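Chemist: The sequence and its predicted three-dimensional model are supplied below.
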Amino acid sequence: MGVKHAVITSVNRDELRDRGAEIWHQTVVKVKEVSPETTIETLIPDVKASWDALETMISAGQEVVSHNMETVQELYRKVRPQARYERSLEQISRTKAYGKRTKSGIMVGLGETKDQVYKIMDDLVAHGCDVFTI
């Protein structure tokens, strides 16, 4: 197909013991097998501190691993009630420590202040985020 860059994403698979990690791994491996010139970004869900699942998800050869924070710390429980701000930052740190290019993003217009947006940017940089989108 001549695809230069692909972003692969999914819904959360919290009902699965491995959080869907194996299918993430197999998907990236298969895309690389069929189209080795395609760079891949995976936009992965919160692994709920299942760090073995995270390693499986990110060890398949993708060039970029994204995990969106979605919002500032003060709005986290309202916007992402099943997630935890610090756990998401740790997920980004662990992904970076694995040697991956990291990416995250937030939505604005939910009631956050400019200072809160600056704080999440600082937090993401401190945890190894390479690319940030708003």
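Modeler: That came through, no problem.

Chemist: Please count neighbours and contacts with C-alpha atoms only from this point.
Modeler: Fine.

Chemist: who's in contact with stretch 73-85?
Modeler: 46, 48, 69-71, 112, 116, 120 (Cα atoms under 8 Å, 6 or more residues apart in numbering).

Chemist: Helices - which of the residues you listed land there?
Modeler: If you go by DSSP state H, the contacts of stretch 73-85 have 116, 120 in helices.

Chemist: Can you pull the phi and psi angles for the residue nearest to the spatial centre of the chain?
Modeler: By Cα atoms, centre = their mean, the mean C-alpha position of the chain lies nearest to His67, the distance being 1.6 Å. Its backbone dihedrals place His67 at phi -140, psi 110, with angles given as degrees, to the nearest 10.

Chemist: Tell me if I'm right that it and Glu90 touch.
Modeler: No: in terms of Cα atoms under 8 Å, His67 does not count as a neighbour of Glu90; the distance is 10.7 Å.

Chemist: returning to what we had before: now render the contacts of stretch 73-85 as TSV, adding pLDDT and distance to Gly128.
Modeler: Compiled in TSV, those are given as follows (pLDDT from 0 to 100; distance: Cα to Cα, whole Å):
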residue	pLDDT	distance to Gly128
Asp46	89	17
Lys48	90	19
Met69	97	13
Glu70	96	17
Thr71	97	18
Glu112	98	23
Gln116	98	19
Ile120	98	12
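
Chemist: Just the buried ones from the contacts of stretch 73-85, in PyMOL syntax?
Modeler: Those of the contacts of stretch 73-85 that count as buried under 16 or more other Cα atoms under 10 Å are selected in PyMOL with:
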select buried, resi 46+48+69+70+71+116+120
